[in-house]
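Novice: Need coordinates for the following:
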Amino acid sequence: MPVTVTRTTITTTSSSGPGFPTTVGSPRALTQPLGLLRLLQLISTCVAFSLVASVGAWTGAMGNWSMFTWCFCFAVTLIILIVELGGLQARFPLSWRNFPITYACYAALFCLSASIIYPTTYVQFLSHGRSRDHAIAATTFSCIACVAYATEVAWTRARPGEITGYMATVPGLLKVLETFVACVIFAFISNPYLYQHQPALEWCVAVYSICFILAAVAILLNLGDCTNMLPIPFPSFLSGLALLSVLFYATALIIWPLYQFNEKYHGQPWRSMDVSCSNRHTYYVCSWDRRLAVAILTAINLLAYVADLVYSARLVFVRV
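Specialist: Have a look, this model is predicted:
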């Protein structure tokens, strides 16, 4: 008797969020809402870096950062689509419960930073013409990509009572924010002149580095499904990490502005006192603006760590 073979696909709702099932190992994965959203991410980032590359409209550290952001997001989004289409989640070297949403959160923050930094430090200084038009269009597509990645995070984050990976929870997403803000701080303090003249400011740099490493370790443990390798329960580890980071960042929030903007400690309270800020038309961010940016970012990260501590303490309480 004749035998009929039908093609079988497997569907799952674990990575797509409620109401958005994803077809695994089939081209139908691209027709689902999450698949269409990732196609939008892919196209918008591709168009952004293509527009800029076609006219060479990027110069200096900020332009290079924006170009790297769009290229990196395009490449990783393409990898995720290939894995989804090929049904290769089980063979992927990292936890698929945690990786896509971790990346989507980072990509949303990366594109947000590029959408702000690129026009404010580069596009506004371009003369009217083809290069400026391409740069403005690239900024628009960067904003579209940012919204698309943020939408994926909103769709796939954990809901109350839902069993999912740690990175899809609020504390996991806060870890992403903490490490990203720390990376931006490192970019602003890339010039050692900003802190080497005072040991107290060097302590602030140590705080940013230590807390970044600890948060990165927590993320890597989850992406590698290695949390059971810790000598203590993972929720307790997270609570201790968050508490230590809050204490460290609290000291940095006091010391950094005090030594950078108080004349008593050889600081510069006014922007006009910094000669590097005298040139208005430059792609270079002057020293005083860098100091102010680091102070603001320190406050933002402190708030993130406080929220992280609250959520982590709840996990420990529930476990007990």
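Novice: got any ranges where the protein has weak pLDDT?
Specialist: By pLDDT under 70, the weakly predicted segments of the chain are 1-29, 160-163, 279-284, 315-320.
Novice: Domains in it, by residue range?
Specialist: Domain segmentation of the chain under automatic domain parsing yields 18-161, 169-320.
Novice: is it possible to export those domains to TSV including mean neighbour count?
Specialist: Heads up, the C-betas are built off the backbone N, CA and C, glycines and all. Listed next are those as TSV, based on neighbours: other CB atoms under 10 Å:
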stretch	mean neighbour count
domain 18-161	19
domain 169-320	17
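Novice: contacting residues around Gln260?
Specialist: Leu194, Leu201, Gly267, Gln268, Arg291, Val294, Ala295 (CB atoms under 8 Å, 6 or more residues apart in numbering).
Novice: Repeat that for Tyr265.
Specialist: Gln198, Leu258, Tyr259.
Novice: For it, give its distance to Pro257.
Specialist: 10 Å (CB to CB, to the nearest Å).
Novice: Which residue lies nearest the spatial centre of this protein?
Specialist: Centroid-nearest residue in the chain: Tyr106, 2.9 Å away (criterion: CA atoms, centre = their mean).
Novice: Skip the chain neighbours and tell me the closest residue to that one.
Specialist: With CB to CB, 6 or more residues apart in numbering as the measure, Val176 is the residue that lies nearest to Tyr106, at 5.8 Å, once sequence neighbours are left out.
Novice: Also Thr169?
Specialist: Thr169 sits nearest to Ala158 (CB to CB, 6+ apart), 4.7 Å away.
Novice: ditto for Trp96
Specialist: Gln89 is the one closest to Trp96 (CB to CB, 6+ apart), at 4.2 Å.
Novice: Just confirm the one you found contacts Arg97, I think it does.
Specialist: No - shown here, Gln89 and Arg97 do not form a contact pair, counting by CB atoms under 8 Å, at 9.2 Å.
Novice: What helix or strand is Leu109 located in?
Specialist: With elements taken from DSSP states H and E, the one containing Leu109 is helix 99-121.
Novice: whoops, I mixed them up, Trp96
Specialist: For Trp96, there is no host helix or strand (DSSP H and E).
Novice: for it, phi and psi?
Specialist: The phi/psi pair for Trp96 (degrees, to the nearest 10) reads phi -70, psi -20.
Novice: what's the spacing between it and Ser236?
Specialist: 26 Å.
Novice: now swap in Phe49 and tell me
Specialist: The gap separating Phe49 from Ser236 is 43 Å, by CB to CB.
Novice: Between helix 99-121 and the helix or strand following the helix holding Leu109, find me the angle.
Specialist: Following helix 99-121 in sequence order, the next helix or strand is helix 130-156 (DSSP H and E). Inter-element angle recorded for helix 130-156 and helix 99-121: 150 degrees (by axes from the mean of the first three to the mean of the last three CA atoms, to 10 degrees).
Novice: next helix or strand past helix 130-156?
Specialist: With elements assigned by DSSP H and E, the helix or strand that comes after helix 130-156 is helix 170-188.
Novice: Give me the helices and strands touching that next one, please.
Specialist: Packing contacts for helix 170-188, counted by 3 or more CB pairs under 8 Å, 6 or more residues apart in numbering; DSSP states H and E, involve helix 99-121, helix 199-223, helix 287-319.
Novice: Now do the end-to-end distance for stretch 271-285.
Specialist: Separation of the first and last residues of stretch 271-285 by CA to CA, to the nearest Å is 12 Å.
Novice: next one: stretch 252-269
Specialist: For stretch 252-269, the separation between the terminal residues is 18 Å (CA to CA).
Novice: Numbering from 542 from now on, please.
Specialist: All right, first residue 542 from here; so that's stretch 793-810.
Novice: coming back round to it: closest one to Ser731 among the helices and strands packed on helix 711-729?
Specialist: helix 828-860 (8.7 Å; CB to CB).
Novice: From the contact counts, what lies against that closest one?
Specialist: helix 711-729, helix 740-764, helix 775-802.
Novice: could you check the angle helix 740-764 makes with the longest one?
Specialist: Right, the one you point to is helix 775-802. 150 degrees.
Novice: How about the contacts made by Gln582?
Specialist: By CB under 8 Å, 6+ apart, the contact set of Gln582 is Cys614, Thr618, Ala648, Ala686, Ala689, Tyr690, Glu693.
Novice: for Tyr852, same thing?
Specialist: Thr710, Val711, Pro712, Leu715.
Novice: quick one: the closest residue to Ile658 other than its chain neighbours from Ile657, how far?
Specialist: Using CB to CB, 6+ apart and skipping the chain neighbours, the partner closest in space to Ile658 is Met603 (5.1 Å). Taking CB to CB as the criterion, Met603 is separated from Ile657 by 10 Å.
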